[in-house]
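> only the shape, not the letters, is given here:
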């Protein structure tokens, strides 16, 4: 059988998913390599929870597992190796998502200033110290626009005047939107058709190109090898002809799939109980916020968004609708400060309430987006649930040390999820790292490295986010000198171990 010479285009259409001597499996490509490229639309979503997390409620208990000391000042454990619930807050509602999650501990802001400042989560400091929060920087880089900024305005937030926001642009707060039905209407009200990109059968995906280029290059290299005999050359060409014929048969049997969201007329909230006198409507509004983000992502309307899950400053309203919370305890001064054992139990109930909202959203995002690779919307996103205050033993201390971090998704393979990573000197095998209220607390790594890691996961390089001649990003305060033990220029380093 004679093998006619093919152009690159003809070869790509014919045998682009097979190897030369053996079938080449696209799933065997390194995941990060296969998922990067111009056709991948990454997203960044930040979810803010005000106040601190109680350390024994948020972090996994090292008494239940064994750390792997992966390098100096860093250790890790697979989330699948933690028996039972990962932690009281990160409970069994997250079990099906463990392989998509990353828990980080001992990341410390370098500024002493934050105290009830939601913007610390995305800047590492307060508005007067920061330039812009990373959501603003990422949105400008990805599409030259602004992020969608949302916050949940409680029915009992009479003391709140919008003074504190999560997003900052040029040292000014960016006012978030609080009515999810209005956001949905603005997003889709003028839509004349689907916003979800339709598959072009003649357009090669990034994975197709990676696979086919590898095969075609190997074929060309082998044909030009002087050691290749005429008989062997005939065998190779016969094999390639068979592969081409098989590929044509496979292509003819491909079944197209219907997009998971009807984006021409998507369903969303027609009204939102933002002025309701029923405290239980607090949950309704939170879930509607997440639903709007979800449909916005799936229909290509949202690439960067932030959500403050509750009004931050001094929310004094009743939360008795949350199971486990009784009496007239105030949300901030009583439940979140958690000065007694009874109130600490209620704090867990409140944080579990928020955890249920987050897990619901992550589960909804974990539906297949790319039928070729099986990658989900969650896989191609990086979702950051965090706080502006630390994971502490003394929940009344208002410390911004050991800030809680839960990452979901991998930003298209940049991050290797499914692990709990702890930074800093060893704490021993059975103690959780406790925030700065404890004299034995050992600092980990600058929080700024998390911000840099997130931006680089979105495809950015230092030149895309550094301001002037200052290396790194975020607020570098007086506490930076506490990290000289690292012995490296941490301002330009992403977090160790985070990519695998």
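Received it, and whenever you're ready, just let me know what you need. Please read all numbers here as calculations on a predicted model, not as lab measurements.

> what is the rounded mean pLDDT of stretch 167-186?
Average pLDDT, stretch 167-186: 93.

> please identify the buried residues of that stretch?
Neighbour counts over stretch 167-186 (16 or more other Cβ atoms under 10 Å) mark 167-169, 173-174, 176, 178-185 as buried. Bear in mind the C-beta positions are built from the backbone N, C-alpha and C, glycine included.

> show me the contacts for the residue lying closest to residue 450 once chain neighbours are set aside.
Nearest residue to residue 450, sequence neighbours excluded (Cβ to Cβ, 6 or more residues apart in numbering): residue 107, at 5.3 Å. Going by Cβ atoms under 8 Å, 6 or more residues apart in numbering, residue 107 touches 402, 403, 405, 423, 444, 445, 446, 447, 449, 450, 495.

> count the residues that sit near residue 463.
6 (other Cβ atoms under 10 Å).

> the stretch 51-200 of the chain: helices as residue ranges?
Assigned by DSSP state H, counting those that start in this stretch, the stretch 51-200 of the chain shows helices spanning 55-58, 120-123, 134-143, 180-188.

> SS state for residue 385?
strand (DSSP: H, G, I helix; E, B strand; the rest coil).

> what is the burial count for it?
Residues lying near residue 385 (other Cβ under 10 Å) number 26.

> looking at strand pairing, list the partners for it.
With DSSP bridges as the criterion, residue 385 is bridged to residue 47, residue 406.

> wait, it touches residue 357, no?
No. At 10.0 Å, residue 385 and residue 357 do not qualify as touching, with contact defined as Cβ atoms under 8 Å.

> doesn't residue 59 make contact with residue 432?
Yes. Between residue 432 and residue 59 there is a contact at 4.8 Å, judged by Cβ under 8 Å.

> what's the overlap in contacts for those two?
Shared contacts of residue 432 and residue 59, counting by Cβ under 8 Å, 6+ apart, come down to residue 105.

> between those two, which is the more surrounded one?
residue 59 (25 against 20).

> residue 105 is in contact with that one, correct?
Yes. Using Cβ under 8 Å, residue 59 is in contact with residue 105, at 5.8 Å.

> now the common contact residues for these two.
Common contact partners of residue 59 and residue 105 (Cβ under 8 Å, 6+ apart): 391, 404, 420, 432, 433.

> pLDDT value on the second one, please?
Okay, so that is residue 404. Listed pLDDT for residue 404 reads 92.

> starting from residue 468, give me the distance back to it.
Distance from residue 404 to residue 468, counting by Cβ to Cβ, to the nearest Å: 31 Å.

> between the two, who's got more neighbours?
Using other Cβ under 10 Å as the criterion, residue 404 and residue 468 rank with residue 404 on top: 28 against 6.

> list phi and psi for the more buried one.
phi -70, psi 140 (degrees, to the nearest 10).

> what sits against it?
Residue 404 makes contacts with 49, 52, 53, 58, 59, 105, 386, 387, 390, 391, as judged by Cβ under 8 Å, 6+ apart.
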